[in-house]
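Trainee: I would like to see how this sequence folds:
(chains A and B)
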Amino acid sequence: MATFRDEGVVLRTIKLGEADRIVTFLTPEHGKVRAVAKGVRKAKSRLAGRLEPMTHVSMMCWKGRELDVVTQVEVVDHFRQVRLDLDRMPAAFTMLEAVDLLAVERQPMPGLFRALTGGLRTLCEDPSPALLGAFLFRVLAIEGVGPVVDSCAACGEDADLVSFDEHVGGFCCRSCRSGTAVAPETVVLARQVLGGQLRAALATPSSRATAELERLATAAVEYHLDRRLRSAHLAPGPG
Amino acid sequence: MFAGPIQELVDELGRLPGVGPKSAQRIAFHLLEVPKEEALRLASSIAEVKERIRLCERCFNVSEGELCAICDDSRRDPTVLCIVEDPRDIVAVERTREFHGTYHVLGGALNPIEGVGPEQLRVRDLLERLADDRISEVILCTNPNLEGEATAMYLARLLGPLGIRITRIASGLPVGGDLEYADELTLGRALAGRREVSG
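Mentor: Below is the predicted model of the structure:
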């Protein structure tokens, strides 16, 4: 039986049979991979701790017809600080869910993989209020459906942008405005995110613009996927 | 494919978890071959379980009466409450014979990707139970996976202000396990949660 090696981030797991799980990974070379991890629900499983969602692993699988089978796994990164912090978890869950829905099986997705590992690492090391919004806009851009931020998405005029409409595909000028009204700082932030100034965008302190960016990016992803991101609307923090 | 009732049985069996179409067919034909009483015994136990078993009004464990056997047992310690995800977890904890308190079944764990939030769990009922000041300790006994840990952290934060002692079950290496094969996260936790031993 043919085997393959790749890196991967565990996106989700579902129970299978008595003691197995189907693990969904995002890999750079093989896109989304769904593989059976045998016996991982047993206490003595050697793989269980390595196949938790949000783990970056290096793995080997047998290639199956529909589902592959995980044979060996080594952990690259557990993103431990995210796991231990209830406030960082919602963003991580939203990242995993969005990537799971956007990724395609068995097609190389190096850009999406880099974005996900980079996003989780940033969330771990230096969480920023603009991170989730920036991440979602960037994965849309990687998928080729990023929002128009430099000119009006409706008329193409290089005018002041005052609103965001995911149906039109980006920000709109005063004469074409539709969708949600946005602050000028949000437009600047979105331009930084998609214009190669990600570091500057992530350094932005928590503000109306960072909250707005997250809201708009979530709406844009949901419009593109034609379904709601469950984790984006379900904050696990009490109160 | 088969005569009406057999096909119906195959279809029904095929809906059970872990039973595929081929297994469903095999079980259906087995039931057809066994003596009538044996098959009816199975049918009546299914009917009985559906009729007689309900959830305990206090802890939401499966129960025959209003209260489950554990809640109804006066020898259990009412000051310690063990919070589990599922009634099956109660059986697992009971098998240890180490715990003599009472339970609360949440009915799952937080799983934002599947749309399970605090509202979908029995958190409100838990808060109502904690209004009883006899409870002095809550043990968070959710699974040591991402969802279970998130649930434990959520409850710890929620219950913190109540001034009750909140503990989390330890996690580490299984008895009879092998360090060489332990994963980093488990071994790391085992080290972090190490205990002093006296000789």
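Trainee: state the distance from residue A:154 to chain B.
Mentor: In this view, residue A:154 and chain B are 34 Å apart by Cβ to the nearest Cβ, to the nearest Å. C-betas here are computed from N, CA, C, even on glycine.
Trainee: spit out the contact partners of that residue.
Mentor: By Cβ atoms under 8 Å, 6 or more residues apart in numbering or on different chains, the contact set of residue A:154 is A:165, A:168, A:172-173, A:176, A:178.
Trainee: can you pick out the ones from those that are in strands?
Mentor: Taking DSSP state E, the ones among the contacts of residue A:154 that sit in strands are A:165, A:172-173.
Trainee: report the central residue of chain B.
Mentor: residue B:86 (2.2 Å; Cα atoms, centre = their mean).
Trainee: okay but it is in contact with residue B:108, surely?
Mentor: Yes - the pair residue B:86 / residue B:108 is scored as a contact, 7.4 Å apart, by Cβ atoms under 8 Å.
Trainee: contact partners for the spatially most central residue of chain A?
Mentor: In chain A, the C-alpha nearest the mean C-alpha coordinate belongs to residue A:95, at 3.1 Å (Cα atoms, centre = their mean). Residues near residue A:95 by Cβ under 8 Å, 6+ apart: A:116, A:119-120, A:123, A:132, A:135.
Trainee: which among the contacts of residue A:154 count as buried?
Mentor: A:165, A:168, A:172-173, A:176 (16 or more other Cβ atoms under 10 Å in any protein chain shown).
Trainee: and which of those residues is nearest residue B:127?
Mentor: The shortest approach to residue B:127 among the buried ones among the contacts of residue A:154 belongs to residue A:165, at 42.1 Å (Cβ to Cβ).
Trainee: how near is the closest residue to that closest one other than its chain neighbours to residue A:166?
Mentor: Leaving aside its chain neighbours, residue A:165 sits nearest to residue A:179 (2.9 Å; criterion: Cβ to Cβ, 6 or more residues apart in numbering or on different chains). From residue A:179 across to residue A:166, the span is 7 Å (Cβ to Cβ, to the nearest Å).
Trainee: neighbour count for the two, which is higher?
Mentor: Shown here are residue A:179 and residue A:166; by other Cβ atoms under 10 Å in any protein chain shown, residue A:166 has more neighbours (20 against 17).
Trainee: and the more buried one, what does it touch?
Mentor: Here residue A:166 is in contact with A:147, A:179, A:216, A:219-220, A:222-224 (Cβ under 8 Å, 6+ apart).
Trainee: now swap in residue A:40 and tell me
Mentor: Taking Cβ under 8 Å, 6+ apart, we find residue A:40 in contact with A:19-21, A:47-48, A:51.
Trainee: what ranges do the strands span in the chain?
Mentor: No chain specified, so I'll use chain A. Counting by DSSP E, chain A has strands at residues A:3-16, A:20-27, A:31-37, A:56-62, A:68-77, A:161-165, A:170-173, A:180-181.
Trainee: could you do chain B instead?
Mentor: B:54-55, B:62-63, B:77-84, B:101-105, B:137-140, B:165-168.
Trainee: quick one: closest of those strands to residue B:71.
Mentor: Once those are compared by Cβ to Cβ, strand B:101-105 is nearest, at 6.1 Å.
Trainee: give me the sheet partners of the closest one and which way each runs.
Mentor: strand B:77-84 (parallel) (DSSP bridges).
Trainee: contact partners of the strand it pairs with?
Mentor: Looking at what lies outside strand B:77-84 - Cβ under 8 Å, 6+ apart - the contacts are B:90, B:93, B:99-106, B:126, B:129-130, B:134-142, B:155.
Trainee: do stretch B:85-101 as well
Mentor: So stretch B:85-101 is contacted by B:60-62, B:70, B:75-82, B:84, B:103, B:105-109, B:137, B:139, B:141-143, B:148, B:151 (Cβ under 8 Å, 6+ apart).
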